[in-house]
Structures are given as structure tokens and as C-alpha cells.
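Trainee: The sequence and its predicted three-dimensional model are supplied below.
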Amino acid sequence: MVEPAKTAVRTSRASLRREEQELAKRKLVLLFYKEFEQDKFLKHDRYLKRLVRPIYNLTHHRQKKTGFAVSFELLRRALEKSGYDVRVNDYALARRHPHYPVGLVGFPVLLDGWNLPNPAVLGPSLYDHPKLAPQLMEDPRFRRYLVLAPWTYDMFRPVYGEACLCWFAGIDTDQWKDASLHEKDVDFLIYDKIRWNHEQLAHDLLDPIREAIERRGFRTETVRYKFHDHRSYRSLLERSRALVFICEHETQGIAYQEALAMNVPVLAWDNGYWLDPLWRRVSDEMVPASSVPFFSEECGERFKDLAHFEPALSRFLERLPTMRPRAYVIEHLPMRRSAEIYANAYFCLHAPEGGQDAGASARSSKSKEPRTHTARADSCAEELRRLPSG
């Protein structure tokens, strides 16, 4: 009786491996995403908010998605545009194929009680600093941890080691079209994304910047983070000659990159450090960071503080006719490359029978040299870390 039982187990395992190989051939990607929710007024009222939120969103023009949700949607769209079959939160399929990889994206709440045995790519998003979960990558299921900006890679790698991989959310240049020929009635659109001490920083930095611009006779409009949706923001960008971006730091900075994609040059406050109050809990010294981590001279100019703003504004105005920010986005932040980096990291976790190249069925037929997905992902990430950053 023992031998038939062993034979049945081997047959079952072989059948499972064949099914998983077939999933890889279909370029199936299993993504899991969960928003952070909490009760506000009554116990369990977060479930009621799920029901009424779609109706409420029809009544206003404020931001309707979190930054994590936007990043997740861009990942999903990039993969689908590149021919991958993306399933979201398909727990049943992942459970039936415990050796097939999964991708976990979004808020750390997704990891609470996570009980699937599948090998996993974590990120983007999740934790703001690795010391919030220093033992995370000791879990044998968790193989890769995706970070966005090169400065966040430098922050995470000392704790998470070789598991860290740079990735970016690709910008859809078909959606964010070149607006350089559109009629302009705004000289500078000021994007207010001040996260902490807003009243003080608006008084000390944002208001003086607006006054300095207007003293030179330029017209301004101001838009504040979370108080606009994509449609209203796109309309403002179409009308604007340039964007002034005011933000403490960014892990990617999709909003300013959408401006770049529309050929709207950016003048950015880039103080040089991670100003999240969390830094005092996790570090003995200030952590280097950037508000425009993907940037070059063709995108615009940067300034460190108010004292450096007017000289930067003069340089910006002098070079404005020659700037080509959309070209930077097309070259360095395309959706196709975003999908490639993620897919390489994802399929390297799938090891078909016989030790074949992991995820070989998902490799581009244009590749001339046989390279594993791991090598290709690392190569893409290294190239990403060398991107122009100002």
C-alpha cells in the first residue's frame, strides 16, 4: 500500500508542476493588493464606506486614490500592456499552486496574517523604512523587495540586502500627451505637496515663492495634493508653461512626472533629505533623499531652499525654450520597461521541473543572449540606479 501511495503523490506533484509551467507560459501574474482601512465614527463603519465611496466620488474633484493605489494600477496596466495576464487577489488560484510566485503590493496591512506559502515579490510600497520590519526578509517565502527611488534603495539595502531591487511605475505617455502646443494662460502652476507642518512651510516657503514669481509679472495657479483629480490636474497642466513642485521628498513622484510627460518643465524644491518625522525613530542622522528622484537638466531645475530659489528661477527661465522633459520620460520611465523589470523579478521565483531557466516562457523572443530573469532584473535595476537624477 505504501508504494502506490508514494506513486500517487509523485504523480500529483508532477501534475502540479505541469500546471504551474502552463501558468508561466500564459504569462500569468498573481498580484495581491489591500488598502489601509480603519473605522472612523463607528465600529465596522469602514465596510459602509466601501459601499458609499463610489457614489461620493461622483460629487467632488478631489483625489480619489491613494498614492499606493495609483502605483499599483500603473504596475497592473504596464504588465497587461506588455501581454501579461494579471489576476488580482486570486487567493484560491495561489493556494492551488503553492510553488507559483505571487506579488504583494500596497500597505503593510496586507502582510497581517499572510498564510500563503507561495514565493513572493514584495512591493512596491509597504514599509517607509526597513527598520519598521527588520526581520521581514528572513521569511523564506519573501524573495524580493521592490523599492522605487535610488535613495530608497540606499536606505533599504543595508537591512534587506540582495533581496532589494529598484523598480519604477511607468508613466503612460498616451494618457499624458504632449501639451506644448496647447494654448497657455498660466505661466507657473504651483503644486503644493507639503506633507508636514503645512501652515508653517506654506508661510515660509510656498508663499514667498509665489510672490517672487508674480513680482516678475508671471501668472500663477496653485493646486494642492489630494484636492484634485486626474482630469482637473491634466487640464491645468495643458494650460501651464511650467510647474513649480513643492514637496519634502518623493519615492517616485508620479505627479511631477505626469507634468514632464506633457512637456511641462519642472522647477523643484529639493532639500536633499528625508523629512518624514519617522526619521528620528530609525536613524541617528538625517537620511539623504530627493523630491525629484528621476530628473535631469532636460526636465528643469532644482533649488535647495528659499535663498536659492531666485537664482534657480533665472536659470530655469533662460533654459526653458530648450527643455525637453517628455523625451526624458519616454526614454527613462516607459511602461514597457517598468513591466519588464517586474516580470523578470517575478518569474525568477518560478523554478520549472529540471532546473530550467526560471520563467523562460515569459522571456522576450527578441533577447539574443540566454539570461535568467534574475540576471535581467538585476541588470535593469542597476541601470535604473544610474539614471540621471539632476
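Mentor: Structure's in. What do you need? Residues are numbered from 1 along each chain as shown.
Trainee: mind listing the strands for the stretch 251-390 of the chain?
Mentor: Here the stretch 251-390 of the chain has its strands, by DSSP state E, counting those that start in this stretch, at 266-269, 300-303.
Trainee: For residue 105, find the nearest of the ones you listed.
Mentor: Residue 105 lies closest to strand 266-269 among those, at 26.8 Å (Cβ to Cβ). Where you see a C-beta, it was placed from the backbone N, CA and C, and this is true even at glycine.
Trainee: Which strands or helices does the closest one pack on?
Mentor: Applying 3 or more Cβ pairs under 8 Å, 6 or more residues apart in numbering; DSSP states H and E, we find strand 266-269 packed against strand 240-247, helix 254-261, strand 300-303, helix 309-319.
Trainee: For residue 286, which of those is the nearest?
Mentor: Of all these, it is strand 240-247 that lies closest to residue 286, at 16.8 Å by Cβ to Cβ.
Trainee: what helices or strands is the closest one leaning on?
Mentor: Applying 3+ Cβ pairs under 8 Å, 6+ apart, one finds that strand 240-247 contacts strand 186-193, helix 207-215, helix 254-261, strand 266-269.
Trainee: other SSEs contacting the helix or strand harbouring residue 165?
Mentor: In this structure, residue 165 is located in strand 164-166 according to DSSP states H and E. Under the contact criterion of 3+ Cβ pairs under 8 Å, 6+ apart, strand 164-166 touches strand 142-147, helix 150-160, helix 335-347, helix 373-385.
Trainee: May I have the third one as CSV, with CA atoms only?
Mentor: Think helix 335-347. Extracted C-alpha coordinates of helix 335-347, given in CSV (Å, rounded to 0.1, in the frame of the first residue of the first chain):
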residue,chain,number,x,y,z
MET,A,335,5.6,51.4,-19.1
ARG,A,336,7.2,48.7,-21.2
ARG,A,337,10.4,48.8,-19.1
SER,A,338,8.5,49.0,-15.9
ALA,A,339,6.8,45.8,-16.8
GLU,A,340,10.0,44.1,-17.9
ILE,A,341,11.7,44.8,-14.5
TYR,A,342,8.8,43.5,-12.5
ALA,A,343,8.2,40.4,-14.7
ASN,A,344,11.9,39.5,-14.5
ALA,A,345,11.9,39.7,-10.7
TYR,A,346,8.6,37.8,-10.6
PHE,A,347,9.3,34.9,-12.9
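Trainee: angle of it against strand 142-147?
Mentor: In terms of direction (axes from the mean of the first three to the mean of the last three Cα atoms, to 10 degrees), helix 335-347 departs from strand 142-147 by 160 degrees.
Trainee: Who are the packing partners of helix 335-347?
Mentor: Helix 335-347 packs on helix 67-81, strand 120-125, strand 142-147, strand 164-166, helix 373-385, going by 3+ Cβ pairs under 8 Å, 6+ apart.
Trainee: and that helix, what's its mean pLDDT?
Mentor: Helix 335-347 shows a mean pLDDT of 97.
Trainee: State the pLDDT value of the closest residue to residue 301 other than its chain neighbours.
Mentor: What sits nearest to residue 301 in space, not counting adjacent residues and going by Cβ to Cβ, 6 or more residues apart in numbering, is residue 316, at 4.3 Å. The model reports residue 316 with a pLDDT of 98.
Trainee: try residue 21
Mentor: For residue 21, the pLDDT comes out at 84.
Trainee: measure it to residue 97 for me?
Mentor: Residue 21 sits 10 Å away from residue 97 when distances are taken as Cβ to Cβ, to the nearest Å.
Trainee: Check residue 277 too.
Mentor: 42 Å.
Trainee: Repeat that for residue 222.
Mentor: 50 Å.
Trainee: quick one: which helix or strand includes residue 14?
Mentor: helix 2-25.
Trainee: For the strand holding residue 165, which strands pair with it and how are they oriented?
Mentor: Counting by DSSP bridges, the strands paired with strand 164-166 are strand 142-147 (parallel).
Trainee: if we look at the partner strand, which residues are touching it?
Mentor: Residues outside strand 142-147 that contact it (Cβ atoms under 8 Å, 6 or more residues apart in numbering): 119-124, 126, 136-137, 153, 155-156, 160, 163-167, 251, 342, 345, 349, 377.
Trainee: Kindly report the same for stretch 169-183.
Mentor: Identification of contacts with stretch 169-183 by Cβ under 8 Å, 6+ apart yields 70-71, 74-75, 77-78, 124, 148, 234, 237-239, 252, 254, 257-258, 260-264, 326, 329-330, 333-339.
Trainee: What's the local residue count around residue 217?
Mentor: 7 (other Cβ atoms under 10 Å).
Trainee: Can you report how many residues lie near residue 322?
Mentor: 9.
Trainee: same question, residue 79
Mentor: Neighbours of residue 79 (other Cβ under 10 Å): 24.
Trainee: next one: the one 3 residues further on
Mentor: With neighbours defined by other Cβ under 10 Å, the count for residue 82 comes to 19.
Trainee: got it, and residue 146?
Mentor: 29.
Trainee: Kindly state the pLDDT recorded for it?
Mentor: In this model, residue 146 carries a pLDDT of 97.
Trainee: Can you name the residues bridging to it?
Mentor: Going by DSSP bridges, residue 146 is paired in beta bridges with residue 165.
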